[in-house]
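Participant: Below is the sequence, then the predicted model.
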Amino acid sequence: MKTRVQPLVNLTVNPCKMCMPMGAMTAFYGIKNCVSILHGSQGCSTYIRRHMATHYNEPIDIASSSLTEHGTVYGGEENLKKGLTNLIDLYHPQVVGVATTCLAETIGEDINRIIQTYYEENPDKKEVTIIPVHSAGYGGTQFEGYFAALTSIVSEVEMDTKSHNKINIISSYMSPADMRTLKDICEAFELEIILLPDLSENLDGVFKEKYSRLPESGTDIGDIKQMAGARATIEISNMDFEASPGKVLKEKYGVPYTRVNVPVGLRDNDALLQLLCKIGGKEIPQVLKQQRGRYLDAMIDSHKYNAEGRAVVFGEPDFIISMIRICEENGVMPMITATGSVFPHLADYVKNSIDDIAERYFIEDYMIADDVDFKDIETAAKHYGCNLMIGNSDGRRIEEQLQIALVRRSFPVHDRVGGQRLKTIGYEGSLTLLDEISNVILSRKETTFREVIYKAYYHQEEKLETMQMDNSSYKADNASCNIDNTNITEITEPNQEIEIPMTIEDIRRQEILAKTATHPCYNCAGHKYATMHLPVAPRCNVQCNYCVRKFDCPNESRPGVTTKVLTPEEAFEKYKVVKEKVPNLTVVGIAGPGDALANFDETKKTMELIKEYDPDVTFCLSTNGLLLPTYASEIISLGVSHITVTINAVDPKIAGKIYKHINFMGTKYEGESAGAILLSNQLSGLRILVAHGVVCKVNIVSLKGINDTHIPKIVETMKEIGCYITNIMPMIPVEGSVFENMPSLTNKEIEKLRKDCGLIMKQMTHCRQCRADAIGTLDNDLSLEFRGYQPQATETTDAMYRFAVASRNGMHIDQHFGHVKEWYIYEYKNDSVSYIEKRKVDQYCEGSDVCDDKEDKITAIIETIADCNAVIAMRIGESPRKQLEKKDIAVVVTYDRIEEAVLKAVHSLIVDESKEISHSNLNVNE
Amino acid sequence: MVLHGNELRDKVLEKYSAKVYRNRKQHVLSIDPEASNEITANVRTIPGIITQRGCCYAGCKGVVLGPMSDNAIIVHGPIGCSFYTWGTRRHKQVETDRHGEHADCYVEYCFSTDMQEPNIVFGGEKKLKKAIEECMAIYKPKMLSICSTCPVGLIGDDIHAIAKWAREEYPGLMCIAFSCEGYKGVTQSAGHHIASNQIIRFIVGTGDHKPQKKFSVNILGEYNIGGDGWEIERILNRCGIEVVSAMTGTSCYRDMKNAHLADLNLVQCHRSINYVADMMKDKYGMDWIKVNFIGVNATKKSIRAIGAYFNDPELSARIEEVIADEENTIADEMEYYKSKLKGKTAAIYVGGSRSHHYQLLLQDLGMSTVLAGYEFAHRDDYEGRRVIPDIKVDADSKNIENLKIEADENLYNPDRITPEHRAELEANEDIDLNDYQGMYPDMEEGSIIADDLNHFETEEFLKALKPDVFFSGIKDKFVVQKAGMLSRQIHSYDYQGPYTCFQGAARFGHDLVMGLYVPAWSFIKAPWKNQATLVGKLGGEV
């Protein structure tokens, strides 16, 4: 079990909580003829009104003392007093709630004293009960603010201790509909109660002909004054507070006090009813027995579905505890129990319940955590494979992202109507909630079970095969290099149909043929010659659905990705350096990371600079072809001999599915029209180039279900035009792209396509799908050094490396260096990654405040892994990083699966070493 | 007896104490063509009156910085303020800049330092620094903003020094600090100014990507609520005008860097962004014109003004083509909506310039505006910029930094158009070159203007004026609905829209008709009630 996640210690990403004044304002809304004022900047009241109004769909009136800079310097007393006067004169309330905010608490406003002097200065306002609450925004969450207000109410209001027969009921934060249920239950027992607070009407009003500015319902101040004389206090809350309103009433006035859980689920409803029986001396009313029976029936109706529930439960601790208990009763497994509050005791309240279900389902790993944000919850929800969320509407982003249905409860519900009417308590509320939970599970099942079962049982063999193929695809690619590079005459064949004037063009063609023979992108013999891709073209005018271009992702190795975009001048400098060390560098390509032609100025400049320096170099360009007709003549005159155009369809309809949009001549086109424009430009551009003897290669990205059956047609068209070769490539799924979840064609399927198309025209089979800055990976800093790129070496190295891995779950690198309690030690040897052992360390970092003072413990941590070559962690502080470097232990920061991270780390270690050994041993191919 | 104009005002305000009455009387008036109609605006809110105004932080973080897609904003302060500005304005955003490049999008995120009591007592700088490190490690944004909330200004955390540290620590990162504590100024308006200052100081002028087309503009003060900005851009592109950047809807840091390379600034929301227009005029000599894309006639006037500025016959011809085509597309629809809406009345109370803009769209639909007001406007938004020299600068305004702008050595060019052409434009009444006439000229005699309208006055005025629809925000929406009156949120559009330009106008007409004629209104009177006791007209009753 995890009891705490702290990947981010100081940065909260998407908070799972609000502030104290919000709760205080909600509590005061349950008092009759009460209006509140927040002592602080007016933004606080405006924001809180906005959030409450959106949830409750009711007008919310909260005043502000509207402190300005002046007030922060000279104190806010004047503003608060003026505010009180205006508020009272205009609204004529019986009760005024005064709550502080961050601002008032930081400047140290003593509101109790201010209210005292206000009464003294305004004897005519004595009739109004003014109640102060200290609710600094940084003091706690809305739940704490809510109870702070209730405690202030019973402490500050002058009480009448005369005893009477009523019972105080102090209610936790619940919806107006739930408060009505609570009142109904008490009425069924014929109990006279004082409910504090009573939100039932004020925050869920009826349509009325006349809007009343003051809350007409709610707890009467006269009743509040009688609370000291009540027979008993029942405090409905899942948590036991030190200074709760009920305890104050007990200590100050001797009112007997009982706390019961919020009545959600069977047990807690039963407990409340038994307590009411005891206090009221009456049988359980028939109507409630009926409700219990119906709820029990519902539990049995849905029990078989609920067992499949793997829930994320989030929100304020009080709410969570109820949800865990109802999950427990119904066999829904809460995989993640998370609150944004700082509440280290959460596990004490929920762990037994969760263990009970977990044991039934043989689940060992689940999470209970406080002080988390939605970023943490999202990461965990993915990890634990949850299929249901219960909480407020702030979970909607995860719902959208991970497609996990959210059962909306608690506060706030901003993206649906009816937050004020949500039912959770009582047998009936529990029933509504349970049905919703079960229906989420059923709905998911209904929409997915065919596919899931088919895949799991019927289709399994094929799936396994696919996986194996995928893993070995690169090796297979490398091995099959079957273009006949000696037969140069064959190259002329595709061009035969084109009329080419003899003379200069003819000579040019001869030159090109010679160049083709040494070009690795066109020819296997190219392995002997080095090529270099210069990333000078950042922008792209076509958005392919399989592509997400990022500049700063050194971990991905596919076209369109580069670590750093160079200016033409920088590119030239880099060329010179590489050429000096790699004399066999014959080809310079411009392949992105965007589109060479969408950045034609840079592309052109780069080529001009290099050409001047080295007239023999072969230039090649890679483009989507959108601007090919525009620049064709310039490309030819620049001496570009080879061009690669990516064409994924020769049918605008199909193209429309592949391209999200194109930007052409300043206008954005989408769908088929984008496809049509792109296609016609590609084809006419290719025709011009072919006519001038440029060797054209066409890359085709195979997209399962979109163009895979269409590819032969593309190849035919390319042959017609006179292209030299086509290159059918598998799609590499990229996270974040439209096609991110589209399966790639298997290696087998690709090979079959290549074979079939090979009957039409020459196919390339040795493509390595290079990055845009391939010569190997260029160093990504401003230094002109470069590093050798040796993919083969990675796979065959004899070296042994040991890694210390920071992981919580044993699968992913998901832990901060400083939070490691246990290291996972991995070894890399003979091409394989293996797990060795776990090593315990003393955790030294428990948060920002204490972390800094315990630097010496870093040393201890490092001692435990002194024999490792590198540390792999999700994050690491600057100081430990330095210490590790001193010890010659490399640091790799990543979020990845452990095995993959280790492989990548090995790769980077080898690269570093080889850099030291030799720069000349470049073995580069596309 | 039905009261009008100032009589009505006096009736509503008489419930106040003498002191408050005197104060509010200067904020509320009825348009009198004979009088000067001077209004008091942008002064402190009366404490305890339930104002609809927000704070400086709301203006800076929520309004101006919020929509920028690649801007990771860390709110430095306790959690409440961070939470309350999380996605609340529902800006539409895409993850690309104007050159089709991927630009990160953080609009859906809420980053906060979640300060706790110890941070207030011992200072929060260390936590902020670490939060930035964490943000850089995970998200690697190109731009990072630090926005402070109330306590930060009081405990003295130096966020500007931290921003400087971050810029040095992370080359390529534009880290900017915004001291927008809630208590500064008197409304959101202070926040707009603070944000604008930093935009000019750090962002505009740092890019070098020149516009591709012959005519290029920036759209200032357009926040792409409901997709408004996209529709405006579609129309401008159709006309052959390139949009270099929008501030700040449909925009990102990477576009805004190049803003100074455009030919002309268009100012949509005058209140929130006129600072940027002014400063760019001083620094680069760029002209700006006040435009309004809300309303068919207003849009026509605006794009024709752009055409007039560029003074190019080909462009003007294309503009006329686009106008004819777009108008033709919506003609039938508009006719129908007009038939349903003609003669109906409206009251509008929003933050800044929208209270003016929407009056013109309502006019297109045959409706009139009986009351209009701004939450945080200054006098010039009501009366026009000619009153600016007369506005008294009070202590609250003095506390907001006023940048001293000097002409850029290389880029300052005040002669983008010939002096003769300039004189011509200045003489043209339909073109507001470097000027804004305010709301008054578009309002009818006797209609009520109310600055900083509060909850109490809203109710009283609506009771007396009985408009068919009240355009405002979520905070007053439910009061209005409960009175049986249609409410439309003009801050968030109730998640509908876009309402800009031609097709937006038709969509607005549709949404308004839909709201007014929904069957629900006709069931308000219960069948067992013999007598109607409902005060006010029902939406759908003709």
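Facilitator: Arrived safely.
Participant: Going by C-alpha atoms from here, please, whenever you check contacts or count neighbours.
Facilitator: Fine.
Participant: what's the distance between the residue of the stretch 101-250 of chain A found nearest chain B and B:Lys392?
Facilitator: Closest to chain B within the stretch 101-250 of chain A is A:Tyr138: 5.0 Å, counting by C-alpha to the nearest C-alpha. Going from A:Tyr138 to B:Lys392 by C-alpha to C-alpha, to the nearest Å gives 37 Å.
Participant: Quick check: next helix or strand after the longest helix seen in chain B?
Facilitator: Using DSSP state H, we find that the single longest helix of chain B is helix B:313-341. Once the chain leaves helix B:313-341, the next helix or strand it forms, by DSSP states H and E, is strand B:345-350.
Participant: Note down every partner strand of that next one and its orientation.
Facilitator: Here strand B:345-350 is paired, per DSSP bridges, with strand B:368-374 (parallel), strand B:469-472 (parallel).
Participant: Distance from the chain centre to the first one, please.
Facilitator: Read that as strand B:368-374. In terms of C-alpha atoms, centre = their mean, to the nearest Å, the centre of strand B:368-374 is found 16 Å from the chain centre.
Participant: Let's test this: mean pLDDT of the next helix or strand after that strand, rounded?
Facilitator: The helix or strand immediately downstream of strand B:368-374 is helix B:379-383, counting by DSSP H and E. Averaging pLDDT along helix B:379-383 yields 95.
Participant: And for the helix or strand following helix B:379-383, what's in contact with it?
Facilitator: Using DSSP H and E, the helix or strand that directly follows helix B:379-383 along the chain is helix B:395-398. The contact list for helix B:395-398, computed with C-alpha atoms under 8 Å, 6 or more residues apart in numbering or on different chains, reads A:68-70, B:43, B:184-186, B:190.
Participant: and the next helix or strand after helix B:395-398, what's its mean pLDDT?
Facilitator: Once the chain leaves helix B:395-398, the next helix or strand it forms, by DSSP H and E, is helix B:419-427. For helix B:419-427, mean pLDDT is 95.
Participant: again with stretch B:27-35
Facilitator: For stretch B:27-35, the mean pLDDT works out to 89.
Participant: Could I have the CA atoms of it written out in CSV?
Facilitator: Extracted in CSV, the C-alpha atoms of stretch B:27-35 (Å, rounded to 0.1, in the frame of the first residue of the first chain):
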residue,chain,number,x,y,z
HIS,B,27,-21.6,56.7,-10.6
VAL,B,28,-25.1,56.5,-12.0
LEU,B,29,-26.6,58.9,-14.5
SER,B,30,-29.0,59.1,-17.3
ILE,B,31,-27.9,60.2,-20.7
ASP,B,32,-28.7,63.8,-21.2
PRO,B,33,-27.6,65.3,-24.5
GLU,B,34,-27.6,68.8,-22.9
ALA,B,35,-25.4,67.9,-20.0
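Participant: before we move on, the earlier item: just so I know, which of the strands paired with strand B:345-350 lies nearest A:Glu328?
Facilitator: Closest of the strands paired with strand B:345-350 to A:Glu328 is strand B:469-472, at 45.8 Å (criterion: C-alpha to C-alpha).
Participant: Can you tell me what sits against that closest one?
Facilitator: B:345-350, B:480, B:485-491, B:539.
Participant: returning to what we had before: pLDDT on the longest helix of chain B, on average?
Facilitator: On average, helix B:313-341 scores 96.
Participant: Same question for stretch A:246-262.
Facilitator: 96.
Participant: Looking at A:Tyr138 and B:Lys392, which is more packed in?
Facilitator: A:Tyr138 (26 against 8; other C-alpha atoms under 10 Å in any protein chain shown).
Participant: In which helix or strand does the closest residue to chain A within chain B reside?
Facilitator: Closest approach between chain B and chain A, counting by C-alpha to the nearest C-alpha: B:Gly48, at 3.6 Å. For B:Gly48, there is no host helix or strand (DSSP H and E).
Participant: Just give the number of residues close to A:Asp706.
Facilitator: To be clear, residue A:706 is Ile; Asp isn't right here. Number of residues near A:Ile706 (other C-alpha under 10 Å) recorded here: 15.
Participant: I figured it hits A:Ile654, correct?
Facilitator: Yes. Under the criterion of C-alpha atoms under 8 Å, A:Ile706 makes contact with A:Ile654 at 6.8 Å.
Participant: sorry, back to before: model confidence for the residue of chain B closest to chain A, exactly?
Facilitator: Model confidence at B:Gly48 (pLDDT) stands at 92.
Participant: Next one: the closest residue to A:Gly309 other than its chain neighbours from A:Leu80, what distance?
Facilitator: Of all residues not flanking A:Gly309 in the chain, A:Val332 sits nearest, at 4.8 Å (C-alpha to C-alpha, 6 or more residues apart in numbering or on different chains). According to C-alpha to C-alpha, A:Val332 stands 50 Å off from A:Leu80.
Participant: got a pLDDT number for the residue of chain A found nearest chain B?
Facilitator: Scanning chain A for proximity to chain B using C-alpha to the nearest C-alpha identifies A:Gly83 as nearest, at 3.6 Å. Confidence at A:Gly83, expressed as pLDDT, is 95.
Participant: tell me which element it is part of?
Facilitator: A:Gly83 belongs to helix A:77-91, assigned by DSSP H and E.
Participant: Please put the alpha-carbon coordinates of that helix into PDB.
Facilitator: Extracted C-alpha coordinates of helix A:77-91, given in PDB (Å, rounded to 0.1, in the frame of the first residue of the first chain):
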ATOM      1  CA  GLU A  77     -10.400  48.300  10.500                       C
ATOM      2  CA  GLU A  78     -12.000  51.400   8.900                       C
ATOM      3  CA  ASN A  79     -13.000  49.400   5.800                       C
ATOM      4  CA  LEU A  80     -14.500  46.600   7.900                       C
ATOM      5  CA  LYS A  81     -16.600  49.000  10.000                       C
ATOM      6  CA  LYS A  82     -17.800  50.900   7.000                       C
ATOM      7  CA  GLY A  83     -18.600  47.600   5.300                       C
ATOM      8  CA  LEU A  84     -20.600  46.400   8.300                       C
ATOM      9  CA  THR A  85     -22.600  49.600   8.400                       C
ATOM     10  CA  ASN A  86     -23.400  49.500   4.700                       C
ATOM     11  CA  LEU A  87     -24.300  45.900   4.800                       C
ATOM     12  CA  ILE A  88     -26.600  46.200   7.800                       C
ATOM     13  CA  ASP A  89     -28.300  49.400   6.500                       C
ATOM     14  CA  LEU A  90     -29.000  47.900   3.100                       C
ATOM     15  CA  TYR A  91     -29.800  44.300   3.900                       C
END
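Participant: I am finished for the moment; much appreciated.
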